[in-house]
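>>> Sequence first, then the predicted structure, then my questions.
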Number of protein chains: 2
Amino acid sequence: MEQLEIFKALANTTRLNILLWLKDPQGSFPGQEKYGFEHGVCVGQIQQKAGLTQSTVSEYLAVLQRAGLVKATRVGQWTYYQRNEEAFAALSQLIQQEL
Amino acid sequence: MEQLEIFKALANTTRLNILLWLKDPQGSFPGQEKYGFEHGVCVGQIQQKAGLTQSTVSEYLAVLQRAGLVKATRVGQWTYYQRNEEAFAALSQLIQQEL
DNA sequence: TCGGGATATCGGTTATTTCCGATATCCCAA
DNA sequence: TTGGGATATCGGAAATAACCGATATCCCGA
């Protein structure tokens, strides 16, 4: 969890939005109903909401994952993404203590 | 204090370092002794430590200031910069509550 | 085992960021 | 009032990021 990498990941409107949407999956992704929410939300749903191409959203999710801000779970042909709340808590701590 | 602007400001190694250095001005800027520390550290000291040109460092400090992370005080021909601790506290809060 | 759906990766174009040198401004002291 | 020191701003070259379309991979069901 490299701190520069985290801030770079957060320095983009779409990626920030994705993180906010994932905070309330049920509210933000009604289309996800049929897949369930237990592992998060799958890429297609996020792509649709972001209004960007599949490749871009996939890359953005990879950036967020490399920063440790989200976790991915592969189930069959779907990859579900969810927030990694520990990372946010750690970041909050880091800012008020070390930064 | 726009949150995207803050993360962009933090997404650069030199700017992160400047913030860390300003956390301990006495320890980080022995050359500042003769000017005193009450208003912060002046640009020349920061530039010297960063090892970048004067224009670049000046611009970086402006970025940090626009993000609200540092405060500037002009005294004579010097501009002193210091951290805005309220901004860090607010950012820490924002991350654990809204983000 | 083949076809199609979901996601990842690759290569490219354009926008943005990084960092520089040159120059402008602003302030003090002589 | 002018010269020089400190900082800010401007214009540009190079590196990086933001996206895209095309293609590859991976998985499932027929």
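Here it is on my side, so go on.
>>> Would you confirm that A:Q82 belongs to a helix?
No: assigned with DSSP: H, G, I helix; E, B strand; the rest coil, A:Q82 falls outside any helix and is strand.
>>> Spatially nearest residue to it (excluding sequence neighbours)?
A:G40 (3.1 Å; CB to CB, 6 or more residues apart in numbering or on different chains). In short, each C-beta sits where N, CA and C put it, glycine included.
>>> Can you give me the distance of the one you found to chain B?
17 Å (CB to the nearest CB, to the nearest Å).
>>> How about the contacts made by the closest residue to A:L52 other than its chain neighbours?
For A:L52, ignoring the flanking residues on the chain, the nearest one in space by CB to CB, 6+ apart is A:T14 at 6.6 Å. Taking CB atoms under 8 Å, 6 or more residues apart in numbering or on different chains, we find A:T14 in contact with A:50, A:52, A:60.
>>> Quickly find the element holding A:T14.
Element membership for A:T14, per DSSP states H and E: helix A:13-21.
>>> following that helix, which helix or strand shows up next?
From helix A:13-21, the next helix or strand downstream (DSSP H and E) is helix A:25-28.
>>> Show me what that next one is in contact with.
Contacts of helix A:25-28 (CB under 8 Å, 6+ apart): A:20-22, A:32, A:37, A:40-41, A:49, A:82.
>>> Now, of those, which are buried?
Buried by 16 or more other CB atoms under 10 Å in any protein chain shown: A:21-22, A:32, A:40-41, A:49, A:82, out of the contacts of helix A:25-28.
>>> From those residues, pick the one nearest DNA strand C.
A:V41 (8.4 Å; CB to the nearest atom of the strand).
>>> ok, which stretches of chain A are strands?
A:41-42, A:70-75, A:78-83 (DSSP state E).
>>> Out of these, which is the most enclosed?
strand A:41-42 (a mean of 22; mean count of other CB atoms under 10 Å in any protein chain shown).
>>> Which other helices and strands does it contact?
strand A:78-83 (3 or more CB pairs under 8 Å, 6 or more residues apart in numbering or on different chains; DSSP states H and E).
>>> Is the strand it packs on positioned near DNA strand D?
No: residues of strand A:78-83 are not located near DNA strand D by CB under 7 Å from any atom of the strand, the shortest gap being 8.7 Å.
>>> sorry, back to before: can you turn the buried part of the contacts of A:T14 into a PyMOL selection?
Here is the PyMOL command that selects the buried residues among the contacts of A:T14 (16+ other CB under 10 Å):
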select buried, chain A and resi 50+60
